[in-house]
Structure formats: structure tokens, C-alpha cells
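**Student:** Here is a sequence with its predicted model. Questions after.
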Amino acid sequence: MLRKLFFSLIIIIFIFYVFLECDFDYLKHPLSRWIYIISLLLIIISSFLEEILRFKNQLSKKKFQSYEKKIKTINHGFDGILELDNKIPKWWQQLFYITIVISIIYFCSFFFTNFANPQFEYKRAYKNQLKKIKEFEKKQPQASIETVKFDKKFINDGKKLFNENCATCHKIDGGGNIGPNLTDDYWINHKEKTLIKNVFSIIWNGSKNNKVMRAFGASGEIKGNDIQKLSSYIYFINKNNNKPKNTKFPEGDKIILE
């Protein structure tokens, strides 16, 4: 009986998870709990009834002897061993039939519907992620040139973003490669009065004097809050006393921005 309970519970959970396309949060739902309880009660009742019927059959000696005589035997002949040709257990047959039915349903669902289609699941997950991002941005507006400010808590995240997006042109330490050195006081673009806003403006709008520097913010490639983190990190390495040793030659005008 315990074996039936176990397999039945596994099948119920499998049906909920796969065919209803839901996550494991459904386990906590009150309706799910009632379904489990009712299903398990039915299984227990059917198991008890089966045990009672089996017990009655065992009480009848004649029926038991007649049943024993009906069992076929297989004579191997060469080794003198008689093998009882017992019937396959009903629970095994039922489980086998269930797997066939599930396989047919899964096969049809996979080839004729969007069920279990990885591309469809990816698109659905991607859309859900975009919705969550929009909801988050409504609650927490993106930074702009007017609201940007330096904050030490942005430095670590800004460093990661810098390594992913800027290190190719400016080197990991900001000393300059294809792009200019970001650790000195020379600037090709210097529209804003403060360093943090000037850096934010360049990342957002790009550089007219340096066509290689594209507009990451205006194109939507990097969000305002991430540009603020990048700007904070660039501000930090620019004001840091420990400058990189091998830096690119100065470019632009020398302007001290605070």
C-alpha cells in the first residue's frame, strides 16, 4: 500500500507540474492540498478494499488450491527447474499503461503545440522578465544627467560594468588603449562642470570629437542607473592617488573637474 501511495503522489505532482505548466508554488495552494488529501484517501480506501478481498480469498482453502492448480509452469527440461508462470502484478501493468498514455500526450503536445518548446518558453520568460524590469523602473526611476551623483556603494558594480563594456578601449585600469586615459586631467569632451556629470554625459551621448565612443545611454544599450555606477567607478579611479604606471599619452585639454 505504501508503494501505491508513493507512486500515486509522484504521478499527481508530475501532472500538476508538467501539464499545468506551473512552478512549485502550487504545492502551497489550499486547492492542491485538498486534491492530495482526497486522492490519497481514495487510494487508501481502494487499497484496504483490495486487502479485504485478498484476505477473504485466502480464507477459502478450496479457492486457494484451485488457484494454485491454475498456475502454469514452465519446464526448462535440461536443468530440471520448474518455473512458475505467474501473472504480472496489476500495479506494474497500471504503471506501464500510465507511462504509455503520458508518452503519447507528451509526444502530441511537443510536436503540435508550444508545450515543452524551449524557444517558446524562452520568449515567455523573456517577456516576463521585461515586465518585471518595467515595474522595477517605475518604482525606481533611472538616473539622469540632472540626478547623477557619486556614491561609494556604486564602485564595485561600476567596476564590473567597466570590465564588460569599457576595458577593451580604456584598459582594465583605465589607463587608455584605443580610447583615452581616464585617470588623468585631460578631457576630449568637457561640457559639464563636474567630473561625475561630465563622465555620465559622455557615456550617455557619446563623443562628437571621438567617433569610436558611441552613445551607450541614448541608444538604450546601458540604462541610466548602470551609467551612474560606471561614472562613479571612473570618478573613483580618476581621483585615486594610485594612478596606473603605463598610461596613454594625454589627449584633449587639461581641465580640473571636481
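**Tutor:** Sure, I can see it.

**Student:** For the rest of this, base every contact and every neighbour count on C-alpha atoms.
**Tutor:** Noted.

**Student:** residues of the longest helix anywhere in the chain that come out buried?
**Tutor:** Looking across the chain with DSSP state H, the single longest helix is helix 30-59. Buried residues in helix 30-59, counted by 16 or more other CA atoms under 10 Å: 36, 39-40, 43-44, 47.

**Student:** What average pLDDT does that helix get?
**Tutor:** In this model, helix 30-59 has a mean pLDDT of 72.

**Student:** packing partners for it?
**Tutor:** helix 2-19, helix 61-70 (3 or more CA pairs under 8 Å, 6 or more residues apart in numbering; DSSP states H and E).

**Student:** Confidence-wise, which of the ones you listed is weakest overall?
**Tutor:** The weakest mean pLDDT among the helices and strands packed on helix 30-59 belongs to helix 61-70, with a mean of 59.

**Student:** how far out from the middle of the chain is the one helix or strand G158 maps to?
**Tutor:** When elements are assigned from DSSP states H and E, G158 belongs to helix 155-165. In terms of CA atoms, centre = their mean, to the nearest Å, the centre of helix 155-165 is set 23 Å apart from its chain centre.

**Student:** Touching the following helix or strand past it from outside, list them.
**Tutor:** Toward the C-terminus, helix 155-165 is succeeded by helix 167-170 as the next helix or strand (DSSP H and E). Residues from elsewhere that reach helix 167-170, judged by CA atoms under 8 Å, 6 or more residues apart in numbering: 173-174, 176-182.

**Student:** and with 6 Å instead?
**Tutor:** 176-179 (CA atoms under 6 Å, 6 or more residues apart in numbering).

**Student:** Given whichever helix or strand comes after that helix, what are its sheet partners and their directions?
**Tutor:** As assigned by DSSP H and E, the chain's next helix or strand after helix 167-170 is strand 186-187. Within its sheet, and counting by DSSP bridges, strand 186-187 is paired with strand 253-254 (antiparallel).

**Student:** For the partner strand, give me every contacting residue.
**Tutor:** 185-187.

**Student:** Recalculate using a threshold of 7 Å.
**Tutor:** For strand 253-254, contacts defined as CA atoms under 7 Å, 6 or more residues apart in numbering pick out 185-188.

**Student:** Let's have those residues in JSON lines, adding neighbour count, pLDDT and distance to T147.
**Tutor:** Below are the contacts of strand 253-254 laid out as JSON lines (neighbours: other CA atoms under 10 Å; pLDDT from 0 to 100; distance: CA to CA, whole Å):
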{"residue": "D185", "neighbour count": "17", "pLDDT": "92", "distance to T147": "24"}
{"residue": "Y186", "neighbour count": "19", "pLDDT": "93", "distance to T147": "25"}
{"residue": "W187", "neighbour count": "20", "pLDDT": "92", "distance to T147": "22"}
{"residue": "I188", "neighbour count": "17", "pLDDT": "90", "distance to T147": "23"}
